[in-house]
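Student: What follows is a predicted structure for the sequence shown.
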Amino acid sequence: MTRQNINKHTFAKLLILVGAPGSGKSTFAKYFLRTEDNWVRVNRDDFRTMQFGDTKMNSFYEERISKMVEASAIALLKSKTNVIIDATNCGLRTIEDMIETYTEYADIQFKVFDLPLAELVSRCDKRNTEIGKFISKGVIEKYVNQLRFTKEKFDFQPIPRRLKETEIKYVTQSKNLPKAIICDLDGTLSLLNGRDPYNASTCDNDLLNEPVAKVLRMAKNEGYKIILLSGRENIYREPTVRFLEKHHIDYDLLIMRNANDFRKDSIIKREIFDNEIQGKYFVKFLLDDRNQVVDMWRKELGLPCFQVNYGDF
């Protein structure tokens, strides 16, 4: 990737580094920036330290780190700045998600750092002695195994930029299944009215989004099953039910995320759909507000989804 090769491209380029801790990704990235023009490094560990002062985070904070990394990379790529994403990126699902996220903004390339476990452990031990950053052998081995599996399924060949599909293509479903509507709660059926979105203990005081409620009532009268699928933790089920009873919302299923599962809404809802809805219902359409979830329904599953509110969060 010389200056000449970079400059002849109209669109930005994204270089995704892949490798276990200690494999040399950051060393490579920092050297690369000194030798190439118009490149910026986006490093997940730097975001952790900058925002939270620590590199050991639970899943709640990791989700926020992911949002910061994604937003920074997209903003840079939109400005035609080339980006190196410097993180482990060993899991197959991680690679697939990144391709889905960035392919409309840049040509994507990969550089894989695949070293033996013993060498990685030795390097990490040396780094711990020098800067006090300890990574256990078990953690390193987990990433080594992830990368081994990913290499069996994915060839890490370059992926050219491609624009979003403009033609609507819906998935084929069996019309013999019960017909259903899936509806989100926060920001869709219920309006938070200043409530903390991560604390639904008082969600029975939320405001009803009347147009959405009317759509559900009309669908129910037409014989549709009403499935309420929420990113709220299930510890808030009781106030959620009180809200639904208060506003006379007739529904067939209320499905919520498990407590202390802070993964992205799109991942949670995809898992729930795969395990509890797919093949059991003919989903006529969905109502949701959050961009990442709307994109998942439309692009990953090919389901009609009406976005009822602003959802860039």
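Tutor: That came through fine.
Student: Give me the buried positions along the helix ranked longest in the chain.
Tutor: Counting by DSSP state H, the longest helix found in the chain is helix 59-78. Across helix 59-78, burial judged by 16 or more other Cβ atoms under 10 Å covers Ile65, Ser66, Val69, Glu70, Ser72, Ala73, Ile74, Leu76, Leu77. To be clear about C-beta, it is placed using only N, CA and C from the backbone, and glycine gets the same treatment.
Student: and what of stretch 219-228?
Tutor: For stretch 219-228, by 16+ other Cβ under 10 Å, it's Ala219, Lys220, Tyr224, Lys225, Ile226, Ile227, Leu228.
Student: show me where this structure has helices.
Tutor: Taking DSSP H as the test, the helices found in the chain are 3-7, 25-35, 44-52, 59-78, 92-102, 117-131, 137-153, 210-221, 237-246, 265-272, 291-295.
Student: re earlier: same list, the buried residues of stretch 219-228, but as JSON lines with pLDDT and distance to Ala12 please.
Tutor: Converted to JSON lines, these look like this (pLDDT from 0 to 100; distance: Cβ to Cβ, whole Å):
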{"residue": "Ala219", "pLDDT": "97", "distance to Ala12": "43"}
{"residue": "Lys220", "pLDDT": "97", "distance to Ala12": "48"}
{"residue": "Tyr224", "pLDDT": "97", "distance to Ala12": "44"}
{"residue": "Lys225", "pLDDT": "97", "distance to Ala12": "45"}
{"residue": "Ile226", "pLDDT": "98", "distance to Ala12": "44"}
{"residue": "Ile227", "pLDDT": "98", "distance to Ala12": "40"}
{"residue": "Leu228", "pLDDT": "98", "distance to Ala12": "40"}
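Student: any idea which of the residues you listed is the one closest to Asp265?
Tutor: Comparing these against Asp265 with Cβ to Cβ places Leu228 closest, at 14.3 Å.
Student: rewinding a little: would you convert the buried residues of helix 59-78 into CSV that also reports pLDDT and distance to Lys179?
Tutor: CSV is the format used below for those (pLDDT from 0 to 100; distance: Cβ to Cβ, whole Å):
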residue, pLDDT, distance to Lys179
Ile65, 86, 40
Ser66, 88, 35
Val69, 92, 40
Glu70, 94, 35
Ser72, 94, 42
Ala73, 95, 40
Ile74, 95, 37
Leu76, 95, 44
Leu77, 95, 41
